Structures are given as structure tokens and as C-alpha cells.
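Chemist: Got a predicted structure here, sequence first:
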Amino acid sequence: MTPLISISQLNKSYGASNVISDINLSVHPGQILGLVGPNGAGKTTCLQAMLGLVDYQGDIDILGFNPRKQREKMLEQVAYIADVAVLPKWLKVHQSLEYLAGIHPRFNRDKAIELLAKTNIKLESKVKHLSKGMITQLHLALILAIDAKVLILDEPTLGLDILTRRQFYTHLLEDFYNDDKCIIVTTHQIEEIEHILTHVAFIQAGKLVLNESTDKIKERFQLVAVTHENVAQASALKPLFSNSLMGINMMLFDNQSGDDLQPLGQVSVPSLADIFVGVLAKEAI
Ligand SMILES: Nc1ncnc2c1ncn2[C@@H]1O[C@H](COP(=O)(O)OP(=O)(O)OP(=O)(O)O)[C@@H](O)[C@H]1O
């Protein structure tokens with residue numbers, strides 16, 4: 001299957017500092033990829049390079065387009081939500097729909113109205129009278145109403161309350177996603193999106209330190225509540241991290257056989273947040 005996004009040997013520096021180093025990444029139709037990393041890891045820079053907003057070294061191919069050289073054509077099929085929503089304050093909501101309908105060939109005005117009907121936003125309201133969260137919701141409705149093959153979301157739910165954040169991801173699956181499309185999403189609230197991700201890429205200091213399907217990740221990593229008498233034996237198996245809480249030692253293992261782990265304590269599937277902490281701690285050594 002041809003990937004929708006293909007990135008090879010991506011490098012980006014600002015002055016003397018290299019903020020992206022040798023990133024290789026492919027995203028296929030049907031994939032929802034979470035790009036996860038600590039502050040300053042290079043997530044936004046990576047997305048900006050993919051959108052042709054900054055120059056870079058290496059190759060990026062999105063739907064057969066070069067983001068720097070064919071940006072306009074590419075953006076007909078790529079929708080993007082930046083972490084800062086910028087809509088003019090004087091604009092009325094219905095005017096924003098008309099504006100987008102005028103400039104974007106794949107914008108579906110009826111779909112945007114349908115999405116807005118699920119919020120408290122009135123078509124007659126001015127942007128300056130909407131709350132911060134409502135502005136973000138409006139922005140999301142506009143973007144989700146674009147029939148794009150590739151959707152790039154940079155911290156899309158920043159500033160939204162927990163209910164609205166959950167609604168957003170539900171709408172994303174119900175109203176946007178299908179097997180022909182792909183989504184890349186960055187967020188710090190990994191626990192809120194892990195159930196929708198098909199793939200995860202961890203980025204640290206500009207490098208990809210893990211790039212796997214969520215199915216593989218669940219096979220690969222195991223969390224063990226190690227009983228007191230087995231701590232020394234478990235530590236010898238070199239866990240990615242070990243955390244002692246109320247007398248229970250939680251240890252995270254990568255690629256360790258179940259036969260070795262079962263006798264040490266109760267084995268469970270770790271959350272992506274646990275794996276993130278473990279992988280980053282290992283890389284930092
Ligand atoms: N225009 C710029 N000029 C110089 N350095 C920059 C510029 N933009 C980003 N950087 C640097 O590049 C690095 C990566 O920044 P980036 O915004 O991509 O990180 P991020 O992973 O998105 O972080 P966060 O989660 O905090 O949003 C940081 O060290 C940042 O200071």
C-alpha cells in the first residue's frame with residue numbers, strides 16, 4: 001500500500017542547533033498516528049516541515065506532493081489545525097463558513113453547520129463574543145468539514161474542557177475518519193487519545209525513539225506489580241523503569257518473555273503514558 005505521508009532523513013536546524021535529526025516515518029491510509037514528546041522535542045517543527053511552512057533537509061512526500069514546492073496543490077487535500085487558532089474577532093460565524101466555502105474547493109458548508117449544531121455556537125455570533133473553547137470548537141468544525149485525505153492536528157484540544165475534548169475525538173472518528181484517510185495528532189494528554197490511535201511515534205530531542213503500531217506496542221511492553229521478595233530478580237531483568245508505590249514495585253519491561261515475568265507478580269498491559277515515561281527514561285540514560 002502506498003503511504004499517504006512518507007518522510008525520510010528529515011533534519012532541521014535553527015542556527016547551530018539541530019532540532020530534528022534523521023526522522024524517517026511513513027503514514028498509510030487508515031492510520032491515526034500520535035506524535036508524542038516532551039516540551040521542545042520537535043513535534044511542531046516536524047508538522048511545520050510537513051506543511052511546507054519551514055525549510056528542511058531530507059525528503060517529505062505528502063500525497064505525491066513536495067510540501068515546499070507544491071504547497072498550494074497539497075493543501076487542497078491536507079487539513080491542518082495549529083495549536084493557536086487564529087480567526088478574526090469581528091467575523092460572524094456564518095461569515096467564516098462563507099469565506100472558507102469561497103476559498104476551499106473541498107469545504108462542505110452543510111457539514112460545518114451540522115457540526116456546529118452539536119455545540120452552543122450560534123451562526124449569528126461574532127467570534128469576539130465566543131469563549132476561548134468555543135473559538136477552538138468553531139475552528140475544529142471548519143477544519144473537519146474539509147474533505148481532506150490527510151489531517152494534521154497540533155494540540156487540537158488545547159483550552160477545551162474535558163467533556164468537549166472527548167466530544168472532539170468522538171466527532172473526529174465519526175465525522176472525519178475513514179480507511180482512505182490518515183490523521184497525525186500531537187498532544188500532551190496521551191491518555192485521552194490512546195484509544196483512537198493505530199500508531200504511536202515518540203519523539204525526544206528531535207529523534208524518533210519509538211515508532212510502532214499500538215497493537216505491537218501492547219505485545220512488546222509489559223507492566224509487572226513485582227512482589228517484595230522478587231524485586232532483586234526482577235531488577236536483574238533490567239526494567240525500563242521501576243516505581244515503588246505503597247509497598248508495590250511497578251516495573252515496565254520491553255520485549256521480555258512472559259515466562260520470565262509471570263512468576264514475579266501480576267502482569268498487565270501498560271498505558272501509553274507509562275510506556276512514554278519508560279522509553280524516555282531509558283533514552284535519557
Ligand atoms: N523559529 C524558531 N527559531 C529557533 N528555534 C526554534 C524555532 N522554532 C522552534 N525552535 C526550537 O526547536 C525546538 C523544537 O520546538 P517545537 O516547537 O517543535 O517543540 P514541540 O515538541 O512542539 O514542543 P511543545 O510540546 O512545547 O509545543 C525547541 O528547542 C525550540 O526552541
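Modeler: Ah, there it is.
Chemist: alpha carbons only for contacts and neighbour counts from here, please
Modeler: OK.
Chemist: Tell me the secondary structure at Leu140.
Modeler: Under DSSP: H, G, I helix; E, B strand; the rest coil, Leu140 falls in the helix class.
Chemist: and if you look at Thr45?
Modeler: Three-state assignment for Thr45 (three-state DSSP): helix.
Chemist: same question, Lys238
Modeler: Lys238 falls in the coil class when you classify it by three-state DSSP.
Chemist: nearest spatial neighbour of it, skipping sequence neighbours?
Modeler: Phe253 (7.5 Å; CA to CA, 6 or more residues apart in numbering).
Chemist: Spit out the contact partners of that neighbour.
Modeler: Shown in contact with Phe253 (CA atoms under 8 Å, 6 or more residues apart in numbering): Phe221, Gln222, Leu223, Val224, Lys238, Pro239, Leu240, Phe241.
Chemist: Neighbours of the fourth one, how many?
Modeler: If I follow you right, that is Val224. 24 (other CA atoms under 10 Å).
Chemist: The host helix or strand of it pairs with which strands, parallel or anti?
Modeler: For Val224, the host element (DSSP states H and E) is strand 221-226. According to DSSP bridges, strand 221-226 has the following sheet partners: strand 248-254 (antiparallel), strand 265-268 (antiparallel).
Chemist: which of the ones you listed is buried the deepest?
Modeler: When you average the neighbours per residue for each of these (mean count of other CA atoms under 10 Å), strand 248-254 leads with a mean of 21.
Chemist: any idea whether the most centrally placed residue in the chain is helix, strand or coil?
Modeler: For the chain, the residue nearest the mean C-alpha position is Val185 (2.3 Å; CA atoms, centre = their mean). Classification of Val185 by three-state DSSP places it in strand.
Chemist: my read: it touches Leu35, true?
Modeler: Yes: with contact defined as CA atoms under 8 Å, Val185 reaches Leu35; the gap is 6.0 Å.
Chemist: which residues touch the nearest residue to Lys73 once chain neighbours are set aside?
Modeler: Sequence neighbours aside, Phe65 is the residue nearest to Lys73 in space, at 7.7 Å (criterion: CA to CA, 6+ apart). The contact partners of Phe65, by CA under 8 Å, 6+ apart, come to Arg71, Lys73, Met74.
Chemist: Quick one: residues contacting Pro239.
Modeler: Contacts of Pro239 by CA under 8 Å, 6+ apart are Met251, Leu252, Phe253, Asp254.
Chemist: make it 10 Å
Modeler: Gln222, Leu223, Val224, Met250, Met251, Leu252, Phe253, Asp254, Gln256, Gly278, Lys282 (CA atoms under 10 Å, 6 or more residues apart in numbering).
Chemist: do the same with Asn108
Modeler: Residues near Asn108 by CA under 10 Å, 6+ apart: Leu97, Leu100, Ala101, Leu142, Ile143, Leu144, Ala145, Ile146, Asp147.
Chemist: Which pLDDT does the model give it?
Modeler: Listed pLDDT for Asn108 reads 93.
Chemist: ok, it to the ligand distance?
Modeler: Using CA to the nearest ligand atom, to the nearest Å, Asn108 is found at 30 Å from the ligand.
Chemist: Could you do Asp179 as well?
Modeler: Between Asp179 and the ligand the computed distance is 27 Å (CA to the nearest ligand atom).
Chemist: do Ala225 as well
Modeler: 31 Å.
Chemist: Give me the spatial nearest neighbour of that residue, chain neighbours excluded.
Modeler: Nearest residue to Ala225, sequence neighbours excluded (CA to CA, 6+ apart): Met250, at 4.6 Å.
Chemist: correct me, but that neighbour touches Val269?
Modeler: No: if you go by CA atoms under 10 Å, Met250 and Val269 don't touch, sitting 12.0 Å apart.
Chemist: and for those two, which residues touch both?
Modeler: With CA under 10 Å, 6+ apart as the test, Met250 and Val269 both reach Leu223, Val224.
Chemist: quick one: low-confidence ranges for this structure?
Modeler: For the chain, the stretches with pLDDT under 70 are 82-86, 283-285.
Chemist: For the residue located most distally from the centre of it, give me its contacts.
Modeler: The C-alpha centroid of the chain is most remote from Glu229, which lies 40.1 Å away (CA atoms, centre = their mean). Glu229 is in contact with Leu264, Gly265, counting by CA under 10 Å, 6+ apart.
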